[in-house]
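Engineer: Provided below for reference: sequence and predicted model.
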Amino acid sequence: MSIEKNDINQLIHDTRGPLNRISMQAELVKIVLENDMPKEKAIEAVNKIIAACQDCSNSLQDVTEFLQQQQ
């Protein structure tokens, strides 16, 4: 079996999504903290960061499993 370039590109794309959500939510936390906004907004953003980290971990596990199947 050979690794298809399109498959690798899709796996990379799927991993970038959670990373982008992490970045956006971290920026939101920063804005909330800098502007003395309600801490609930920061907590909500942090919860989204945690969920996105878990999504990213799952995507990386998919990449690992895919690569193992190709061997």
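Structural biologist: Alright, I've got the coordinates.

Engineer: and Thr49, how many neighbours?
Structural biologist: Rather than Thr, residue 49 is Ile. 19 (other CB atoms under 10 Å). For every residue, glycine as well, the C-beta is placed using N, CA and C.

Engineer: so what's the residue most central in space within the chain up against?
Structural biologist: The centre of the chain sits closest to Pro18, judged by CA atoms, centre = their mean, with a distance of 2.0 Å. Contact analysis of Pro18 by CB atoms under 8 Å, 6 or more residues apart in numbering lists 52-53, 55-56, 59.

Engineer: let's see that with 6 Å instead.
Structural biologist: 52, 55-56 (CB atoms under 6 Å, 6 or more residues apart in numbering).

Engineer: just put those in JSON lines and tack on neighbour count.
Structural biologist: Shown next, in JSON lines, are the contacts of Pro18 (neighbours: other CB atoms under 10 Å):
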{"residue": "Ala52", "neighbour count": "20"}
{"residue": "Asp55", "neighbour count": "17"}
{"residue": "Cys56", "neighbour count": "18"}
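
Engineer: tabulate those (JSON lines), appending distance to Glu34, secondary structure and pLDDT.
Structural biologist: As requested, the contacts of Pro18 are exported to JSON lines (distance: CB to CB, whole Å; DSSP: H, G, I helix; E, B strand; the rest coil; pLDDT from 0 to 100):
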{"residue": "Ala52", "distance to Glu34": "21", "secondary structure": "helix", "pLDDT": "91"}
{"residue": "Asp55", "distance to Glu34": "27", "secondary structure": "helix", "pLDDT": "90"}
{"residue": "Cys56", "distance to Glu34": "26", "secondary structure": "helix", "pLDDT": "89"}
